[in-house]
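>>> Build me a model from this:
(4 chains)
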Number of protein chains: 4
Amino acid sequence: MKVLALLGSTRENGNSEYLAKRIVEGTDYTLVKLADLHIEPIVDKRHADGGFTTVNDDYEQLVKHMLTHDVFVFATPLYWYGMSGPMKDFFDRWSQYLRDERFNLKEELAKKKAYVVITGGSSAKVKGLPLVQQFQYIFDFVGMEFADYIIGSGVKPGEVKEDTLALAKADQWNTLLSK
Amino acid sequence: MKVLALLGSTRENGNSEYLAKRIVEGTDYTLVKLADLHIEPIVDKRHADGGFTTVNDDYEQLVKHMLTHDVFVFATPLYWYGMSGPMKDFFDRWSQYLRDERFNLKEELAKKKAYVVITGGSSAKVKGLPLVQQFQYIFDFVGMEFADYIIGSGVKPGEVKEDTLALAKADQWNTLLSK
Amino acid sequence: MKVLALLGSTRENGNSEYLAKRIVEGTDYTLVKLADLHIEPIVDKRHADGGFTTVNDDYEQLVKHMLTHDVFVFATPLYWYGMSGPMKDFFDRWSQYLRDERFNLKEELAKKKAYVVITGGSSAKVKGLPLVQQFQYIFDFVGMEFADYIIGSGVKPGEVKEDTLALAKADQWNTLLSK
Amino acid sequence: MKVLALLGSTRENGNSEYLAKRIVEGTDYTLVKLADLHIEPIVDKRHADGGFTTVNDDYEQLVKHMLTHDVFVFATPLYWYGMSGPMKDFFDRWSQYLRDERFNLKEELAKKKAYVVITGGSSAKVKGLPLVQQFQYIFDFVGMEFADYIIGSGVKPGEVKEDTLALAKADQWNTLLSK
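Prediction:
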């Protein structure tokens, strides 16, 4: 089982990154920090003559990662009650690659399993719920299984280490993903 | 009353743009297509020594627009059950400018009134609801009044012109904003 | 096309009732005020030996109404950010009758179409959204089509008559249901 | 610290009851199974001449319990993606007693702290989220602190005992409430 961890945070060693690393440690994993890549926002050409335009950025390596891993861990801090901008650009570009005939992306995504990690302040456990629902709709669209989610409590770097229940859940997932 | 329409779409003449223009037509407005500007994603430095780093992009003109308008119309297609990536980057960067001592952005935002336009397929009227809730949380955070929202039905360009109830609501808002 | 309007309100001539009547007027309809019937809360015997116990109340006439109508209009005021207690008891008892071999309730419900009317104060257009999502989950469970919903603005009796967009939508539905 | 556990389930020894008992065991608590009481649905008389009519049922003992306890544990199975009918009737009647001049219920509720326990099948961790949001809106209305929630996994009686993370959270709360 190959695990792809996609980090949405835009700072180093934040709380969502900490949980993601704890979840994948010791598994067969690839970890990608989206903010380190050059990812253009979507330019919506779904209804344009000629369709989408080829974009010269780092997205295709992400497509290859998605195709070759079995389980995805999406980890993002709660920024303005949603996923981070870089992670949003990542999903928006699915619209382009689901239509790219070189890949069979939609069919392949339907075979994957998704775990979601969200971190934020104490209000995140309620105010992060629209984001959980959004992830559910995203995964439903492509037929991906939404295995589970964590809403961890942490704003300052390292703070989530005190959220013992978030850690316990991360460790449970780590055990499952290590098999 | 000065109206600022912020467009999140990444195509020309889409459905959310159509509604936004119908809402502001004849009012004292500024219309900005976020995808036409150079807006960097946030680099989260809330807890870094020295705080946020100055970014050389077009964001400050947006700050000035926000400070000098009374009503905001946020118009976005529903991309993957959320606002578009460019609009998300727009909000994420608030985290930087709320801390910028040259401006009094948070206090100023509390005086504004927000209208939200979302467009999408037939499922958007339910699957767009987490986005409405996210907007509510965003506006609550800065104390901005959430006046109302439209979830318009339209995927192909022009389709929303058949959503007579969305048009009726847009026209109502137009009357209110023309005063 | 036979229309069944189920009213959840516990007062006479309230706002949700007004909209429901406006929606069904002139169609081939049956209107039932749930609070006028004797409906016991569910007693959950899904996992009890012998299953559910027969209850002597008015529920079976509701089952018969559901089986013999094509379109349902669920109309409820927003009570504590949810449907009214009597309407909740109505749905809870589905758990009993979906298992009742005299009827084929689940299969029959999958053929129906649902419209939802919610009325409340000005906050209802956002704070009523979890209820819309709940209705979607309910209808998904039985495979019923969720045609559309109205969140009307009205607290004092009659107030919703000033919500012109709610009235316009009600009249649109009325036209559809009159065919 | 006096703890009031209010059970919404309508069966004996179900999963939400199991968690609720585990949470309050050893604390100074009162446990009330709402389905064992006679609680009438609200009859909405907010705008009627003369206001609400006195109802002869068991509700006033619940009012007294609310006034004399500091922390509330609301435990309900997820019935049709909401709280159970008996628990909904419990909240609906707040509308009556918040207006009852013999009590100072709204002011008193603002001093309380609420914990929420929801149990359901594996889909409950997402499809129970509108209910969590509803609880947040309810508590916001009266100014009650929403301390935390558990969405436990369990349908057949006893099943939740295998949800080790739900048990861990219940035990954490028990420690907090035992002080």
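>>> Contact residues of chain A facing chain D?
A:125-126, A:129, A:132-133, A:136, A:146, A:148-149, A:164-165, A:168-169, A:172 (CB under 8 Å from any CB of the partner chain). From N, CA and C alone the C-beta is placed, and that goes for glycine too.
>>> please redo it, this time with the cut-off set to 6 Å
A:126, A:129, A:136, A:165, A:168-169 (CB under 6 Å from any CB of the partner chain).
>>> Most widely separated two among these?
A:Gln136 and A:Ala168 (22.9 Å; CB to CB).
>>> The two - which one has more neighbours?
Each of A:Gln136 and A:Ala168 has its neighbours counted (other CB atoms under 10 Å in any protein chain shown); A:Gln136 has more, 22 against 15.
>>> doesn't D:Lys125 make contact with the more buried one?
No: using CB atoms under 6 Å, A:Gln136 makes no contact with D:Lys125, being 9.9 Å away.
>>> Pick out the residue of chain A closest to chain C.
As assessed by CB to the nearest CB, chain C sits closest to A:Gln133 within chain A, at 7.5 Å.
>>> Tally up the residues packed near that residue, please.
23.
>>> So what touches the helix or strand where it lies?
A:Gln133 is part of helix A:129-142 when elements are defined by DSSP states H and E. For helix A:129-142, contacts defined as CB atoms under 6 Å, 6 or more residues apart in numbering or on different chains pick out A:82, A:106, A:109-110, A:114, A:116, A:146, A:149, B:80-82, B:127, B:130, B:133-134, D:126, D:129.
>>> So how do I select the buried members of those residues in PyMOL?
Of these, the buried ones go into a single PyMOL selection, burial set by 16 or more other CB atoms under 10 Å in any protein chain shown:
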select buried, (chain A and resi 82+109+114+116+146+149) or (chain B and resi 80+81+82+127+130+133+134) or (chain D and resi 126+129)
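>>> what sits up against the helix or strand that contains A:Ser16?
Element membership of A:Ser16 [criterion: DSSP H and E] is helix A:15-24. Applying CB under 6 Å, 6+ apart, the external contacts of helix A:15-24 come out as A:3, A:5, A:7, A:9, A:73, A:75-77, A:117, A:119, A:152, A:154, A:160, A:170, A:173-174.
>>> closest to C:Val55 among the residues you listed?
Nearest to C:Val55, judged by CB to CB, of these is A:Trp173 at 43.9 Å.
>>> got the phi/psi numbers for that closest one?
Main-chain dihedrals, A:Trp173, degrees, to the nearest 10: phi -60, psi -40.
>>> Tell me the spacing between the nearest residue to it once chain neighbours are set aside and B:Ser9.
Nearest in space to A:Trp173, with sequence neighbours left out and distances taken as CB to CB, 6 or more residues apart in numbering or on different chains, is A:Ile23 at 5.0 Å. Distance, A:Ile23 to B:Ser9, using CB to CB, to the nearest Å: 35 Å.
>>> can you confirm A:Val3 is in a helix?
No: secondary structure of A:Val3 (DSSP: H, G, I helix; E, B strand; the rest coil): strand, not part of a helix.
>>> Spit out the contact partners of it.
A:Val3 touches A:24, A:27, A:29, A:71, A:177, counting by CB under 6 Å, 6+ apart.
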